[in-house]
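Chemist: Provide a 3D model corresponding to the input given below.
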Amino acid sequence: MYEYSPQWVANFFDDYGEKEWERLVKTPTEEVKLFIHTHYLKEYIRSGDYVLEIGAGAGRFTQILVNLGARVLVADISENQLSLNKKRIIKNGIRSQSRTRLLGYGNSYNCCCRETG
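Modeler: Down below sits the predicted model:
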């Protein structure tokens with residue numbers, strides 16, 4: 001039996017980098033998963049809604065949520081994934097719709113957080 005190590009998980013996703021962004025478009029099966037997730041986000045999220053996105057990764061769903069008009073607080077155990085998430089928000093020109101703040105890393109929740117929208 002393995003013992004959970006938040007540091008191991010953080011290191012894994014820090015090293016995983018851009019692969020996390022590409023994961024949901026890598027195969028037709030993954031693209032279907034992305035389509036289904038996006039469908040339900042569009043059905044249930046309304047402009048002005050507040051969303052806490054845990055495990056936000058590189059930001060694929062963050063972008064969808066912000067484009068739907070949601071205010072999003074993202075959290076991820078990987079500081080690198082959160083950095084990639086922020087870069088995509090800026091690159092895709094939706095930073096003007098977002099406020100960014102780092103709430104902490106390595107605290108008792110072992111995550112980084114950023115608010116957008």
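
Chemist: Now for the nearest residue to residue 85 once chain neighbours are set aside: which residues touch it?
Modeler: Nearest residue to residue 85 in three dimensions, chain neighbours excluded: residue 59, at 3.5 Å (Cβ to Cβ, 6 or more residues apart in numbering). For every residue, glycine as well, the C-beta is placed using N, CA and C. For residue 59, the residues meeting the contact criterion (Cβ atoms under 8 Å, 6 or more residues apart in numbering) are 21, 74, 84-86, 88-89.

Chemist: those strands in the protein, which residues are they?
Modeler: In the chain, the segments counted as strands under DSSP state E are 50-54, 71-76, 112-116.

Chemist: Which residue is the nearest non-sequential neighbour of the residue sitting nearest the centre point of the chain?
Modeler: Within the chain, one residue has its C-alpha closest to the average C-alpha position: by Cα atoms, centre = their mean, that is residue 56, at 2.1 Å. If the residues on either side of it in the chain are set aside, residue 56 comes closest to residue 74, at 3.6 Å by Cβ to Cβ, 6+ apart.

Chemist: That neighbour bridge partners, please.
Modeler: With DSSP bridges applied, residue 74 shows beta-bridge pairing to residue 53, residue 114.
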